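**Student:** model the following, please.
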Amino acid sequence: MRSISHLAIQMSNNNPGCCVNGVRLIAVGVIYLKIYHIFFTPILTAAYKRSEADRHLLVIDEVVAKNVKLIYEMYKNHESARHIADLLNEKEILTPQSYYYDSIGKVNPYTQNSKSWGSAAIINLLKNQVYIGHMVQSKKAVQSFKSKKVVELPPEMWVTVENTHEPIVEEETFKAVQFLMAQNKNKRPKKSHGEVSLFSNILFCKDCGAKMVLSTTQKGAKIDRYYRYYRCYNYVQHTKTACSSHRITLATLSEAILADIRYHAKLAKADEENFVKKLHKISMKEKNQEISDCRRKELIAKNRLTEVDGLIQKTFEKNCDGIISDSMLKDLLQKYESEKQSLHEQLEKIRLDLLNAESQTTCIEKEVKNLIKYAEITELNRSIVTSLIQSIHISQPSKVDGKRKYEFDICYKFQKQNGTKKETVSDNTIPLKAV
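**Tutor:** Predicted structure coming up:
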């Protein structure tokens with residue numbers, strides 16, 4: 001068999017222009033690999049290792065595979081990449097790089113940030129088709145034979161070979177995660193006067209669920225002064241036929257949210273242990289039904305597994321006694337093995353659901369400590385808002401004693417359950433300042 005390097009040298013000698021932009025040469029090389037069913041296997045691919053029988057093939061590393069499945073399930077349940085990374089760091093789960101060097105008994109030469117998960121690492125893992133059993137080559141190439149600069153190639157130029165190894169993640173889960181990432185990528189906060197809006201992608205209309213968008217109006221004849229206020233996006237696009245305006249000034253909303261943050265932060269600071277206990281109690285009360293359902297399904301699946309094992313044993317005994325034929329034995333065994341595989345998959349999913357549900361409560365202490373830092377703040381900024389708050393829903397104002405008042409529901413991150421928004425009704429009502 002001729003080597004890839006020999007092929008590349010011959011091509012370059014015959015026609016130096018053959019590797020313009022580095023594309024044709026690499027494409028031919030990958031096609032050569034496909035013909036002979038040889039693939040480059042990345043060393044630091046989490047949850048896979050090289051086969052001892054054939055170093056070009058990947059086999060699942062069961063120790064790490066469960067963590068990859070958890071990452072996909074959590075993101076599918078709308079957990080952010082940052083939150084997933086924080087959870088992995090909190091549980092002291094090794095990064096792929098650290099795990100690799102530990103497994104071969106060598107010191108990691110890349111010490112900087114090698115032991116910490118980051119959101120970029122999570123996103124890269126979620127995008128990697130290796131976890132659905134596909135191998136992708138030619139993602140990058142040198143710019144030309146005269147330059148050593150490496151450039152990224154567009155996806156349509158990638159070479160993908162499907163089903164080269166056993167998948168860890170189901171293709172439906174992978175596609176759902178890609179869809180969520182595409183959605184999140186398009187949800188970039190809009191800027192106002194060169195700055196990201198304070199409550200962008202956090203503030204929503206309580207009646208129709210649409211985002212509240214920031215608008216700016218000039219204040220009288222003074223061109224350097226503005227009113228800044230939020231309105232329901234449905235109202236802005238379709239007027240009152242879709243929804244009411246829900247208009248509220250940025251200053252009024254900021255004042256109310258600041259007061260609420262300080263109120264909760266002071267409560268937590270005064271008695272942190274009791275505050276956390278109450279949150280755990282509320283959290284577990286809301287999760288009890290879900291956990292109970294998972295346990296019930298787990299028990300049913302385990303009992304059925306025991307029954308199927310018994311049926312397999314009886315089937316063999318009946319075959320030995322001549323009651324059933326060999327062909328019938330084969331058919332029954334295939335049926336039972338298929339059911340067992342399905343039950344094992346159900347149990348794995350239930351395990352991940354339970355782990356995901358229980359992991360939410362373990363982050364409460366961390367979120368509360370983050371909250372306490374802001375007990376004495378006097379002004380909000382974007383960093384504080386995004387670190388503490390998952391969402392805010394605001395109602396259409398009602399008139400009370402000649403003033404307009406609002407009801408708003410704040411979902412703090414320490415109240416978040418199962419990666420979904422949990423609205424917490426506040427008793428606070430705030431008058432709308434003169435606009």
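**Student:** switch to C-alpha atoms for all contacts and neighbour counts from now on
**Tutor:** Fine.
**Student:** what about the longest helix in this protein?
**Tutor:** helix 272-320 (DSSP state H).
**Student:** that one packs against which elements?
**Tutor:** helix 250-270, helix 326-362, helix 364-372 (3 or more Cα pairs under 8 Å, 6 or more residues apart in numbering; DSSP states H and E).
**Student:** give the burial count for Ile104, as a bare number.
**Tutor:** 8 (other Cα atoms under 10 Å).
**Student:** ok, Leu332 next?
**Tutor:** Residues near Leu332, counting by other Cα under 10 Å, number 16.
**Student:** relative to Ser391, how far out is Ile71?
**Tutor:** 23 Å (Cα to Cα, to the nearest Å).
**Student:** actually Thr315, not the one I wrote
**Tutor:** 57 Å.
**Student:** with Ile104 instead?
**Tutor:** 45 Å.
**Student:** who are the contact partners of Ala242?
**Tutor:** Asn234, Tyr235 (Cα atoms under 8 Å, 6 or more residues apart in numbering).
**Student:** could you dump stretch 131-148 to PDB, C-alpha only?
**Tutor:** Output in PDB follows, covering the C-alpha atoms of stretch 131-148 (Å, rounded to 0.1, in the frame of the first residue of the first chain):
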ATOM      1  CA  TYR A 131     -20.400  11.100  19.300                       C
ATOM      2  CA  ILE A 132     -23.000   9.900  16.700                       C
ATOM      3  CA  GLY A 133     -20.500   7.500  15.100                       C
ATOM      4  CA  HIS A 134     -19.300   9.700  12.200                       C
ATOM      5  CA  MET A 135     -15.700  10.800  11.400                       C
ATOM      6  CA  VAL A 136     -15.200  14.200   9.900                       C
ATOM      7  CA  GLN A 137     -11.900  15.100   8.100                       C
ATOM      8  CA  SER A 138     -10.600  18.200   6.200                       C
ATOM      9  CA  LYS A 139     -11.900  20.800   8.600                       C
ATOM     10  CA  LYS A 140      -8.700  22.800   8.200                       C
ATOM     11  CA  ALA A 141      -6.000  23.100   5.500                       C
ATOM     12  CA  VAL A 142      -2.900  25.100   4.800                       C
ATOM     13  CA  GLN A 143      -3.500  28.200   2.800                       C
ATOM     14  CA  SER A 144      -1.100  27.200   0.000                       C
ATOM     15  CA  PHE A 145       2.100  25.200  -0.600                       C
ATOM     16  CA  LYS A 146       4.000  28.400  -0.100                       C
ATOM     17  CA  SER A 147       2.400  29.300   3.200                       C
ATOM     18  CA  LYS A 148       2.100  27.400   6.400                       C
END
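**Student:** re earlier: and the longest helix of the chain with helix 364-372, angle?
**Tutor:** Taking axes from the mean of the first three to the mean of the last three Cα atoms, to 10 degrees, one finds that helix 272-320 is oriented at 150 degrees with respect to helix 364-372.
**Student:** and the residue sitting nearest the centre point of the chain, how far is that from Asn89?
**Tutor:** For the chain, the residue nearest the mean C-alpha position is Tyr75 (2.4 Å; Cα atoms, centre = their mean). Going from Tyr75 to Asn89 by Cα to Cα gives 16 Å.
**Student:** mind giving me the domain ranges of this protein?
**Tutor:** Taking automatic domain parsing as the criterion, the chain consists of the domains 4-185, 191-272+368-431, 287-362.
**Student:** residue ranges in the chain under the pLDDT threshold?
**Tutor:** Across the chain, the ranges flagged by pLDDT under 70 are 1-44, 111-115, 145, 183-196, 218-226, 283-287, 355-363, 416-435.
**Student:** change it to 50
**Tutor:** 1-28, 32, 36, 188-189, 417-435 (pLDDT under 50).
**Student:** where exactly do the strands run in the stretch 51-200 of the chain?
**Tutor:** 58-60, 135-137, 140-144, 147-152, 159-161, 191-192, 195-196 (DSSP state E, counting those that start in this stretch).
**Student:** of all the ones you listed, which one is nearest Val308?
**Tutor:** Of all these, it is strand 58-60 that lies closest to Val308, at 26.8 Å by Cα to Cα.
**Student:** which parts of the closest one are buried?
**Tutor:** Leu58, Val59, Ile60 (16 or more other Cα atoms under 10 Å).
**Student:** quick check: bridge partners of the last one?
**Tutor:** According to DSSP bridges, the residues that bridge with Ile60 are Tyr48.
**Student:** so it makes contact with Thr45?
**Tutor:** No. In this structure, Ile60 is not within contact of Thr45 by Cα atoms under 8 Å, at 10.3 Å.
**Student:** next, Lys399: phi, psi?
**Tutor:** phi -90, psi 130 (degrees, to the nearest 10).
**Student:** now do the contacts for it.
**Tutor:** Counting by Cα under 8 Å, 6+ apart, Lys399 makes contact with Lys405.
**Student:** how close does it get to Trp117?
**Tutor:** Counting by Cα to Cα, the gap from Lys399 to Trp117 is 50 Å.
**Student:** okay, now the nearest residue to Tyr229 once chain neighbours are set aside: neighbour count?
**Tutor:** Nearest residue to Tyr229 in three dimensions, chain neighbours excluded: Thr249, at 3.9 Å (Cα to Cα, 6 or more residues apart in numbering). For Thr249, the count of nearby residues is 19 (other Cα under 10 Å).
**Student:** measure stretch 315-324 end to end?
**Tutor:** End-to-end for stretch 315-324, by Cα to Cα: 8 Å.
**Student:** please spell out which residues along it are buried.
**Tutor:** So for stretch 315-324, counting by 16+ other Cα under 10 Å, buried means Thr315, Phe316.
**Student:** that one: how far from the chain's middle?
**Tutor:** The chain centre lies 51 Å from the centre of stretch 315-324; the measure is Cα atoms, centre = their mean, to the nearest Å.
**Student:** could you list the residues in contact with it?
**Tutor:** Stretch 315-324 has contacts (Cα under 8 Å, 6+ apart) with Ser325, Asp326, Leu329, Leu332.
**Student:** which residue is the nearest non-sequential neighbour of the second one?
**Tutor:** What it means is Asp326. Nearest to Asp326 is Asn319, by Cα to Cα, 6+ apart, at 6.8 Å.
**Student:** tell me how far the one you found lies from Gln313.
**Tutor:** Counting by Cα to Cα, the gap from Asn319 to Gln313 is 10 Å.
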